[in-house]
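**Q** Need coordinates for the following:
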Amino acid sequence: MASPRLGTFCCPTRDAATQLALGFQPRAFHALCLGSGALRLALGLLQLRPGRLPAGPGIASASPTTSARGPASVRIVRAATACDLLGCLGIVVRSAVWLGFPSFVDDISAVNRTDVWPAVFCMGSALWIQLLYSACFWWLFCYAVDAYLVIQRSAGQSTILLYHLMTWGLAALLSVEGALMLYYPSVARCERGLEHAIPHYITTYLPLLLVLVGNPILFRKTVTAVASLLKGRQGIYTENERRMGAMIKTRFFKIMLVFIVCWFSNVINESLLFYLEMQADINSSSLKQVRNAAKTTWFMMGILNPAQGFLLSLAFYGWTGCRLILPGPSKEIQWDSMTTSATEGAPPSPGGPHEPGEGPAPKKELPGGAHTSDEALSLLSEGSDGSTIEIHIASGKAADSLLKVR
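**A** Numbers count the residues shown, from 1 in each chain. So this is what the prediction gives:
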């Protein structure tokens, strides 16, 4: 579970709201975090098993060199997954220590402590979790930015370097700055006033709120640009293009749905605890419902935060670890990116006879950029065989595209 309250737990003196959350069934809470984190790691490793199916008949799978480099969007997703995996590993290690070494944990809150290692572990694990999850949030924001830039044909291979600099630079800057403001001038003096805690909370929730607010706006602009791009390919909006745009929109919706489900409880919990901090007596009977809601959302965070990585991998890739292959023909929609909608009638069977005077409908070439638009659309789903949409671009004079719906 990723929360700025993990950092304030390292302080010997804590405010009443932090003590309310951290003191409510601590062993049960850490056992829940340990189980949820271990399950996420196990499912993540299971999904990494080689179980992908070929791309399709007549379509060669990606070469190792191509899959190793890949477009920026693929590497962004890999980086976000790695950050989430390492952050979840930090949650598992921290919860295991809390459960396995209670005497070690008790020394953290000791005012006149002589052993510094409990405090070092507490601060180090809290900073580790905050840094990696903040980096994961920045990578998800970069994914939305890159998707919009790809459709606008403004992204290139050089942008991945800018994404790395922005992600790791901002994540490290905000995490270290928040920790220094919290523990300044020493761990023994932290949390004696809100001036120490508020900067730490802001630096933790800033990237989270950026994804919650900014990504839906960017995704909406991307979907609008995709619709305009598809209409411009053939001059009209056919059923195939309409279905393709709807599936891209569905994929973006799944990504945001997973993120909101996994992290909105953090926003609610922090708002409730901050409200309790503003009260003179948080134990008053009038605040009982607020206290219960804060405790409930605290436990929800322990379940949902570690589950983000696995659920996001389902939104991005689908289930690719163990496949249940059911018999039956796959549904495929074929369309030619270089032809008008007049050629969408049923074509004659390959090698079949033709009536005299009949022939294939003449192809009408679009202005330059049709192949570029194919590549731009393919980047939205490239990098996974099990994604919601798969668009395979074949090189050649006609640059045919195959939209495969699963």
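**Q** So which residues of the protein form strands?
**A** 332-335, 389-393, 401-405 (DSSP state E).
**Q** any low-confidence regions in this protein?
**A** 1, 47-70, 109-114, 154-158, 187-196, 232-237, 319-406 (pLDDT under 70).
**Q** which one's the longest helix in it?
**A** Counting by DSSP state H, the longest helix found in the chain is helix 194-234.
**Q** quick one: the helices in the chain?
**A** 5-8, 16-22, 26-47, 64-69, 72-100, 102-106, 117-151, 159-183, 194-234, 239-277, 288-317, 370-378.
**Q** and the first one, what other elements does it pack with?
**A** Using 3 or more Cβ pairs under 8 Å, 6 or more residues apart in numbering; DSSP states H and E as the contact test, the elements touching helix 5-8 are helix 16-22, helix 117-151, helix 159-183, helix 194-234. From N, CA and C alone the C-beta is placed, and that goes for glycine too.
**Q** Please identify the most buried of the ones you listed.
**A** Stretch with highest mean neighbour count among the helices and strands packed on helix 5-8: helix 117-151 (a mean of 23; mean count of other Cβ atoms under 10 Å).
**Q** just checking, what packs against it?
**A** Secondary-structure packing of helix 117-151 (3+ Cβ pairs under 8 Å, 6+ apart): helix 5-8, helix 72-100, helix 102-106, helix 159-183, helix 194-234, helix 239-277, helix 370-378.
**Q** Hmm, I202 and P4 touching each other?
**A** No - between P4 and I202 there is no contact under Cβ atoms under 8 Å: 9.0 Å.
**Q** tell me, what's touching the two both at once?
**A** By Cβ atoms under 8 Å, 6 or more residues apart in numbering, P4 and I202 have these common neighbours: G178.
**Q** I'd like to check the angle between the longest helix of the chain and helix 159-183, please.
**A** Interaxial angle, helix 194-234 versus helix 159-183 (axes from the mean of the first three to the mean of the last three Cα atoms, to 10 degrees): 160 degrees.
**Q** and helix 194-234 with helix 239-277, angle?
**A** Going by the same axes, to 10 degrees, helix 194-234 makes 170 degrees with helix 239-277.
**Q** and the helices and strands packed on helix 117-151 as CSV, adding distance to L140?
**A** Listed next are the helices and strands packed on helix 117-151 as CSV, based on distance: least, Cβ to Cβ, whole Å:
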stretch, distance to L140
helix 5-8, 21
helix 72-100, 6
helix 102-106, 32
helix 159-183, 10
helix 194-234, 5
helix 239-277, 7
helix 370-378, 21
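**Q** so which of these gets nearest C33?
**A** C33 lies closest to helix 72-100 among the helices and strands packed on helix 117-151, at 4.4 Å (Cβ to Cβ).
**Q** The closest one: which residues count as buried?
**A** 72-77, 79-81, 83-98 (16 or more other Cβ atoms under 10 Å).
**Q** could you give the angle of the longest helix of the chain to helix 117-151?
**A** 20 degrees.
**Q** Only the C-alpha atoms, please, for stretch 212-221, written as CSV.
**A** Taking Å, rounded to 0.1, in the frame of the first residue of the first chain, the C-alpha atoms of stretch 212-221 are listed here in CSV:
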residue,chain,number,x,y,z
LEU,A,212,-6.5,11.1,-12.6
VAL,A,213,-7.1,14.5,-14.2
GLY,A,214,-4.7,14.8,-17.1
ASN,A,215,-4.9,11.3,-18.6
PRO,A,216,-8.7,11.4,-19.3
ILE,A,217,-8.3,14.7,-21.1
LEU,A,218,-5.4,13.4,-23.2
PHE,A,219,-7.2,10.1,-24.0
ARG,A,220,-10.3,12.0,-25.1
LYS,A,221,-8.3,14.2,-27.4
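**Q** ok, and what's touching it?
**A** Residues contacting stretch 212-221 (Cβ under 8 Å, 6+ apart): 140-141, 144-145, 147-148, 252, 255-256, 259-260, 263-264, 267.
**Q** Kindly report the same for stretch 96-105.
**A** So stretch 96-105 is contacted by 26-27, 30-31, 34, 118, 121, 125 (Cβ under 8 Å, 6+ apart).
**Q** Quick check: end-to-end length of it?
**A** End-to-end distance of stretch 96-105: 11 Å, with Cα to Cα, to the nearest Å as the criterion.
**Q** Stretch 102-118 now?
**A** End-to-end for stretch 102-118, by Cα to Cα: 11 Å.
**Q** again, but for stretch 14-27
**A** Rule used - Cα to Cα; the end-to-end distance of stretch 14-27 is 19 Å.
**Q** Throw the contacts of stretch 96-105 into JSON lines and include distance to C10, thanks.
**A** Below are the contacts of stretch 96-105 laid out as JSON lines (distance: Cβ to Cβ, whole Å):
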{"residue": "P26", "distance to C10": "14"}
{"residue": "R27", "distance to C10": "19"}
{"residue": "H30", "distance to C10": "15"}
{"residue": "A31", "distance to C10": "21"}
{"residue": "L34", "distance to C10": "19"}
{"residue": "P118", "distance to C10": "9"}
{"residue": "F121", "distance to C10": "9"}
{"residue": "S125", "distance to C10": "9"}
